[in-house]
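In: sequence first, predicted model second:
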Amino acid sequence: MLKKMIDGQAFWREIAKRLSNGESTNFFFSQEDALLMVQRDKIYRLDFDGGVYFFVKEETFYQLYYFLEKEKSPEVLPALAEPIILEEVLLAAKERIPSEDNWKKAGLKPYLERKRMYLTTKNVSFEERKITFASEKMLDDIFYLMHESFEPFSSALPTKESLLTDILNQKVLVSLQNQELLGFLHFGNMKQGSMLWHIAVMPQARGLGVGNRLVKDWIFAQRDVAKKFLLWVRTDNPPALRMYEKFGFLPDGRVAPVMIKTT
């Protein structure tokens, strides 16, 4: 039976202890983020011999985080009313612990996989461009296209409120034709870099080079503040992989397999 976490400080002390003990985990949040999960009544736990599961309640699913002592395997996951999603960031060349077979025995199955790619700013040839940032009045159209273009479980889709904040902070680029939305690119800043979070093109505009132009706009917009450009791309999306490779993006060795347990 899942237990709701109600003491944020005790939760964080446990997390810090488990991390210092070197337990296997996919939980790498800051103290501030961990405390916020408890404050918002979003996190539950399930203890078992040699480990613990933490379930973070999202709108339509549970995100799974775990800690496992050395040599311990995952326990069978409980049956919940909504899907359970496990996502990990791993080094592609390193053995996965726990293995995919261990997670399958726990009740999960492969869902999708992404790999991370990067491009250093010094390797980019810039060309002068006229770029267009999204305006507040475009919020509904961008939000709709975003939710139509990405799977709901592991795409880190923002709320409409946080998307509006990013629009107002000029973190969303758009491609327009006669003031109609053709596509958008949503990005954010991270340490010494710029991360592409979401890019999508309207169905009627696909194949016209809109995505290519938006990537060029992103690189141009961030050329003076980012030392490198980063993105995650699904390994089962050859057209996107080819596009990024043409820009010079290279894999940095990190992959993110996602597994799912449905009801």
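Out: Okay, I see it.

In: and stretch 43-52, which residues are buried?
Out: Ile43, Tyr44, Leu46, Gly51, Val52 (16 or more other C-beta atoms under 10 Å). Placement of C-beta: from N, CA and C, glycine included.

In: swap in stretch 239-248?
Out: Ala240, Leu241, Met243, Tyr244, Phe247.

In: surely the fourth one meets Leu231?
Out: Spelled out, it's Tyr244. Yes: with contact defined as C-beta atoms under 8 Å, Tyr244 counts as touching Leu231 (6.7 Å).

In: OK, contacts around the residue nearest to Phe54 when sequence neighbours are not counted?
Out: The shortest distance from Phe54 to any non-neighbouring residue, by C-beta to C-beta, 6 or more residues apart in numbering, is to Tyr65 (4.4 Å). Each residue near Tyr65 by C-beta atoms under 8 Å, 6 or more residues apart in numbering is listed here: Thr25, Asn26, Phe27, Tyr53, Phe54, Phe55, Val56.

In: could these go into CSV alongside secondary structure and pLDDT?
Out: Below are these laid out as CSV (DSSP: H, G, I helix; E, B strand; the rest coil; pLDDT from 0 to 100):
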residue, secondary structure, pLDDT
Thr25, strand, 97
Asn26, coil, 97
Phe27, coil, 96
Tyr53, strand, 98
Phe54, strand, 98
Phe55, strand, 98
Val56, strand, 96
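
In: just give me the closest of those residues to Arg96.
Out: Using C-beta to C-beta, Asn26 is the member of the contacts of Tyr65 that lies nearest Arg96, at 11.1 Å.

In: relative to Glu180, how far out is the residue lying closest to Ala221 once chain neighbours are set aside?
Out: Closest residue to Ala221 apart from its sequence neighbours, by C-beta to C-beta, 6+ apart: Ile131 at 5.5 Å. As judged by C-beta to C-beta, to the nearest Å, Ile131 and Glu180 stand 17 Å apart.

In: check Thr262 too.
Out: Distance of Thr262 to Glu180, given as C-beta to C-beta: 37 Å.

In: just the C-alphas of stretch 174-183, formatted as CSV.
Out: Listed next in CSV are the C-alpha coordinates belonging to stretch 174-183 (Å, rounded to 0.1, in the frame of the first residue of the first chain):
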residue,chain,number,x,y,z
VAL,A,174,7.7,30.6,-33.9
SER,A,175,7.4,30.3,-37.6
LEU,A,176,4.4,32.1,-39.1
GLN,A,177,2.8,32.5,-42.5
ASN,A,178,0.2,35.3,-42.9
GLN,A,179,0.2,35.4,-39.1
GLU,A,180,-0.8,31.7,-38.9
LEU,A,181,1.3,29.4,-36.8
LEU,A,182,3.4,26.9,-38.8
GLY,A,183,5.6,25.6,-35.9
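
In: ok, and what's touching it?
Out: Identification of contacts with stretch 174-183 by C-beta under 8 Å, 6+ apart yields 132-134, 138, 141-142, 145, 184-185, 199-202, 205, 208, 210-211, 213-214, 217.

In: quick check on those: which are buried?
Out: The neighbour count (16+ other C-beta under 10 Å) marks 134, 138, 142, 145, 184-185, 199-202, 205, 210-211, 213-214, 217 as buried among these.
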